[in-house]
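Asks: 3D, please:
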Amino acid sequence: MTLPTRRKCKHQYSISDKNFFNNNSLCNVNLKPKVKLLGSKARKALHPYSRKAAQLTKEVHRVERVNRGKAERANTIITNAKKLRWFQQHLDPNATVYSKNQICQLIELYLERFNDELEEITNLKKLGRKLGSKIAREGNIQLILDQEKQQYSSSGFEAPDLTLTENLQRFRDWNGDLKALPNIVTCKFFEKDKVDIQ
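Replies: Numbers count the residues shown, from 1 in each chain. The predicted structure follows:
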């Protein structure tokens with residue numbers, strides 16, 4: 001019984017083959033190895049309900065979610081740094097320590113920081129001028145103020161803790177660097193703390 005011989009592919013040749021060097025068909029054969037191009041599958045149109053399309057959609061949504069989270073965290077850090085910078089600029093140069101009552105007065109002064117801008121917008125409204133972007137700005141200011149006042153009256157307004165001398169000195173020495181922001185000690189202050197007498 002003879003075993004069936006394996007049929008040779010047209011590109012498979014052995015040096016022992018008699019017609020290896022005499023075969024005219026070798027001239028037409030490309031002897032270079034085929035290189036699989038990376039990303040060739042990505043060029044094909046995907047079926048919208050395929051698993052690959054679902055994977056790509058999931059990855060895109062994940063990247064968007066991560067980027068959105070990074071942007072929100074960066075915006076929170078910058079907003080917090082601006083608030084702390086305002087408090088630093090309004091410190092009493094002769095004070096060695098602040099009471100809770102004094103910090104609450106500073107917070108109330110901070111909540112009034114937009115009064116001049118709001119008054120200017122109100123005067124422009126009275127004159128009947130076109131305001132354009134000023135209306136949007138007024139809406140944003142009102143939204144920020146409502147949120148901050150609500151925090152101050154209920155859940156607590158976060159401000160630098162200046163009740164200790166070392167905290168006050170560290171806060172004075174802060175140069176506005178965002179990396180040094182975690183070194184600044186903050187605390188939540190409430191509207192009821194204003195009645196505290198030193």
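Asks: what strand or helix carries Gln105?
Replies: helix 100-111 (DSSP states H and E).
Asks: packing partners of that helix?
Replies: helix 51-89, helix 133-150, strand 157-160, strand 186-189 (3 or more CB pairs under 8 Å, 6 or more residues apart in numbering; DSSP states H and E). Where you see a C-beta, it was placed from the backbone N, CA and C, and this is true even at glycine.
Asks: mind listing residues that contact that helix?
Replies: 83, 86-87, 90, 95, 98, 145, 148-149, 152, 157, 159, 162-163, 189, 191, 193-198 (CB atoms under 8 Å, 6 or more residues apart in numbering).
Asks: now stretch 173-188: buried residues?
Replies: Trp174, Ile184, Thr186 (16 or more other CB atoms under 10 Å).
Asks: repeat that for stretch 74-86.
Replies: Ala81, Lys83, Leu84.
Asks: so how far is stretch 186-197 from its chain's centroid?
Replies: Distance of stretch 186-197 from its chain centroid, counting by CA atoms, centre = their mean, to the nearest Å, is 32 Å.
Asks: go on, stretch 47-61?
Replies: That offset, for stretch 47-61, works out to 25 Å (CA atoms, centre = their mean).
Asks: same deal with stretch 180-188?
Replies: 20 Å.
Asks: contacts for it?
Replies: Under CB under 8 Å, 6+ apart, the answer for stretch 180-188 is 77, 80-81, 84, 155-161, 163-164, 167, 170-171, 174.
Asks: try stretch 123-142
Replies: For stretch 123-142, the surrounding residues in contact (CB under 8 Å, 6+ apart) are Phe114, Glu117, Leu118, Ile121.
Asks: pLDDT wise, what is the second one at?
Replies: In other words, Glu117. You'll see Glu117 listed with a pLDDT of 91.
Asks: what helix or strand is it located in?
Replies: Glu117 is part of helix 115-127 when elements are defined by DSSP H and E.
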